[in-house]
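Participant: after the sequence you'll find the predicted model.
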Amino acid sequence: MDEKTRMRKVYLERRLALKLAERLEKSQAIVACLFDLSVWHRAHTVMAYVDFRAEVETRTLLEGALGLGKRVVLPKVQAGGRLACLQVADITTDLAVGRYGIMEPERTCSGVCPREVDVVVVPGVAFTRSGFRLGYGGGYYDRFLTHDAPEAFSIGLAFAVQMAEHLPVEDHDHPLEMVITEDGFYCSSRSKP
């Protein structure tokens, strides 16, 4: 078992060990911190994700962004390992089960050019204070942030138990500008909020 696979297992187990009520309470604190950021207030188009397997709950985030009149886009996995950005107007009607069992936008949702995205909210298994993340192994967000939306401000959402002192980093790994936990946020040296 390689180091990334081993660490993925450890941090997934830590996240899954959180009780539902605890995850929801911590998620509220994380989203409240996100909503206080000036970079969030300035953003016109935000890309987020629909939480899956005990991730930070994002329904409040998505509904809050829509309520503020922001253009909300969600990723849809495409052939070739790319993410498409599709705009959603209603998270109760515009979503369907997609690849890997994750809720994704319906095919009928309008596409948005990735370069129009101001803020990308990124999921992950583990994160460092300097903005590196351990994802699920597909490299979707690394490719997206490097090639498709290089100017977007990237923010990882995590529970404190997902924070690591060190993660194995490869050349293609794209660091985030910020990571938010229920204990506050960590800005990388690239951060420009």
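Facilitator: Ah, there it is.
Participant: can you map out the helices along this protein?
Facilitator: 3-16, 20-36, 38-42, 59-67, 140-143 (DSSP state H).
Participant: CSV for these, including distance to D118?
Facilitator: Every C-beta, even on glycine, is put in place using the N, C-alpha and C of the backbone. Output for those, formatted as CSV (distance: least, C-beta to C-beta, whole Å):
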stretch, distance to D118
helix 3-16, 28
helix 20-36, 13
helix 38-42, 7
helix 59-67, 11
helix 140-143, 16
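Participant: make JSON lines from those and add mean pLDDT, mean neighbour count and distance to T92 to it.
Facilitator: JSON lines is the format used below for the helices of the chain (pLDDT from 0 to 100; neighbours: other C-beta atoms under 10 Å; distance: least, C-beta to C-beta, whole Å):
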{"stretch": "helix 3-16", "mean pLDDT": "93", "mean neighbour count": "15", "distance to T92": "26"}
{"stretch": "helix 20-36", "mean pLDDT": "97", "mean neighbour count": "16", "distance to T92": "18"}
{"stretch": "helix 38-42", "mean pLDDT": "96", "mean neighbour count": "13", "distance to T92": "23"}
{"stretch": "helix 59-67", "mean pLDDT": "96", "mean neighbour count": "18", "distance to T92": "10"}
{"stretch": "helix 140-143", "mean pLDDT": "90", "mean neighbour count": "19", "distance to T92": "25"}
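Participant: distance-wise, check the residue positioned nearest the centre of the chain relative to L37.
Facilitator: Nearest to the mean C-alpha position of the chain, by C-alpha atoms, centre = their mean, lies V122 at 1.8 Å. As judged by C-beta to C-beta, to the nearest Å, V122 and L37 stand 15 Å apart.
Participant: next: M103.
Facilitator: 25 Å.
Participant: what do you get for V46?
Facilitator: As judged by C-beta to C-beta, V46 and L37 stand 11 Å apart.
Participant: who's more crowded, the two?
Facilitator: V46 (25 against 17; other C-beta atoms under 10 Å).
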